[in-house]
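Trainee: sequence plus predicted model, see below.
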Amino acid sequence: MSSSTDSGTSLFLAILPTIETVQAQKAALSNYQMQNGVRMLQKSRPEEAIKFFKNALALDSSSYDAYKNLGNTQLQLTKNDDAIATFKKLVAMKPFDSDAATLLGNAYAQAKQWVNAAESYKKAARLDPSNTTALYSNGQSLLLSNKPKEAAEIFQKLIRLNSNDPNGYYALGQAYNKMENYDAAITNLKKSIELKRGTDFPQAESELGYAYAGKDDEFNLKRQITKLGKMDSSLATDLENFTVKPKMTSANAGSYNTFIPTLGPNTPLEILTLTDPNHTLAQPNATKSFTMDFQFNTDMDVASVQNITNWQISKANGGKAGYYNFGFTPYPEREASLPMIQSVSYNVTSQLATVTFSLKQNATADAVIDPSHLIFKFSGTDANGKTVDPTANAYNGFAGVFGASSVSLYG
């Protein structure tokens with residue numbers, strides 16, 4: 001009886017699959033699920049692909065390709081947190097795999113977690129010093145973490161590994177731009193463009209434009225914008241919009257209650273209202289409002305332009321603006337007081353500011369003024385927060401548009 005039982009047990013055990021057989025079967029089924037997922041991606045059905053990749057991992061939790069495909073598909077669908085979790089598992093399974101660390105870095109980068117991305121790329125480059133993609137990405141993540149000096153060291157290392165790679169010099173130029181070392185940026189960016197050997201490199205050309213802007217090199221900046229416009233109009237527009245200096249380009253007598261800024265010294269105040277039916281300033285102690293229009297070259301900050309404290313009306317006292325009354329005031333007791341700014345409006349479509357101000361007649365109705373040497377100065381900002389260019393922030397009828405910082409003001 002015992003012999004018969006032993007024989008049956010042996011037969012039963014003999015027909016049981018081995019552990020290795022079961023694992024092989026699961027691996028085959030897992031691979032089948034993964035291939036189905038790949039086919040779903042080819043059919044632009046990523047959500048379904050994710051289900052198959054998850055099925056593949058349920059059957060074989062050690063499948064590197066299943067983790068990789070799952071995480072990359074999650075990134076494709078901007079499921080960044082899911083992708084990070086997936087690649088964390090892959091890194092835990094393959095702690096010494098450079099590519100796995102790079103994949104996790106990519107997920108952190110897409111989620112704009114730059115510090116974590118830099119750490120993952122750093123680990124990937126340490127595990128495989130030949131992984132220049134990880135090294136480059138580490139540097140870029142450091143740049144985006146506002147650590148340009150550390151990024152520059154990474155890019156210098158990249159250049160030592162391959163001195164003929166234009167991307168290394170381009171990235172180093174970016175880092176120097178961030179550090180405001182514009183001469184070094186220009187040198188490296190020119191080198192990156194040279195190494196492209198005639199092939200367009202619009203990103204480097206754009207970065208070179210920002211370097212010229214940092215040096216206030218208007219001539220070369222304009223050349224870069226023109227050159228870039230032939231390669232990538234979008235980058236050219238971005239460069240132009242970012243680097244353009246807000247300027248006052250012209251000024252004119254206001255469209256209503258017109259003030260004539262070209263009239264010269266000792267102009268009787270009452271002449272300014274000759275077309276006024278009431279001839280307002282012919283009356284003693286009368287007050288009259290006037291307007292001037294000022295044209296800007298770019299979109300300005302509405303609140304800044306309309307803030308009257310950002311505007312000043314003064315008398316010219318030398319330099320390009322000339323001298324109020326040409327430096328001679330024969331009737332000081334009759335000189336009208338400086339205009340008082342009442343309000344400023346701004347048309348966002350035409351980029352035109354209209355300044356409304358008042359002038360007051362004296363008690364004897366014989367006040368005089370020199371409209372051509374009244375300086376209208378603006379000290380506010382544009383829509384991007386950039387302060388108006390100090391070389392084109394003021395106007396008077398004698399000089400036109402000029403920089404008020406270069407002249408003396410009084411009154």
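Mentor: That came through, no problem. Numbers count the residues shown, from 1 in each chain.

Trainee: and the nearest residue to D97 once chain neighbours are set aside, what pLDDT?
Mentor: Leaving aside its sequence neighbours, D97 sits nearest to L127 (Cβ to Cβ, 6 or more residues apart in numbering; 7.1 Å). Placement of C-beta: from N, CA and C, glycine included. pLDDT for L127: 97.

Trainee: try the one 10 residues further on
Mentor: Per-residue confidence at S137 stands at 97 (pLDDT).

Trainee: just give me the longest helix of this structure.
Mentor: helix 19-42 (DSSP state H).

Trainee: C-alpha coordinates for that one, CSV please?
Mentor: Taking Å, rounded to 0.1, in the frame of the first residue of the first chain, the C-alpha atoms of helix 19-42 are listed here in CSV:
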residue,chain,number,x,y,z
ILE,A,19,9.0,27.4,-10.3
GLU,A,20,11.2,28.2,-13.2
THR,A,21,8.5,27.1,-15.6
VAL,A,22,5.8,29.2,-13.9
GLN,A,23,8.1,32.2,-14.0
ALA,A,24,8.8,31.7,-17.7
GLN,A,25,5.1,31.4,-18.4
LYS,A,26,4.4,34.7,-16.5
ALA,A,27,7.2,36.4,-18.3
ALA,A,28,5.8,35.3,-21.6
LEU,A,29,2.3,36.5,-20.7
SER,A,30,3.8,39.7,-19.4
ASN,A,31,5.7,40.3,-22.7
TYR,A,32,2.5,39.6,-24.6
GLN,A,33,0.7,42.3,-22.5
MET,A,34,3.5,44.7,-23.1
GLN,A,35,3.4,44.1,-26.9
ASN,A,36,-0.3,44.9,-26.8
GLY,A,37,0.5,48.1,-25.0
VAL,A,38,3.0,49.0,-27.7
ARG,A,39,0.4,48.4,-30.4
MET,A,40,-2.0,50.7,-28.6
LEU,A,41,0.6,53.4,-28.6
GLN,A,42,1.1,52.9,-32.3
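
Trainee: okay, which residue is most central for this protein?
Mentor: F242 (6.6 Å; Cα atoms, centre = their mean).

Trainee: surely that one is within a helix?
Mentor: Yes: judged by DSSP: H, G, I helix; E, B strand; the rest coil, F242 forms part of a helix.

Trainee: residues contacting it?
Mentor: F242 makes contacts with 210, 213, 384, as judged by Cβ atoms under 8 Å, 6 or more residues apart in numbering.

Trainee: hmm, 10 Å instead?
Mentor: Listed by Cβ atoms under 10 Å, 6 or more residues apart in numbering, the contact set of F242 reads 206, 209-210, 213, 384, 386.

Trainee: what pLDDT is listed against T5?
Mentor: 56.

Trainee: kindly report the same for the one 5 residues further on.
Mentor: In the predicted model, S10 carries a pLDDT score of 56.

Trainee: relative to A134, how far out is the residue nearest to the centre of the chain?
Mentor: 30 Å (Cβ to Cβ, to the nearest Å).

Trainee: L208 too?
Mentor: For L208, the distance to A134 - Cβ to Cβ - is 26 Å.
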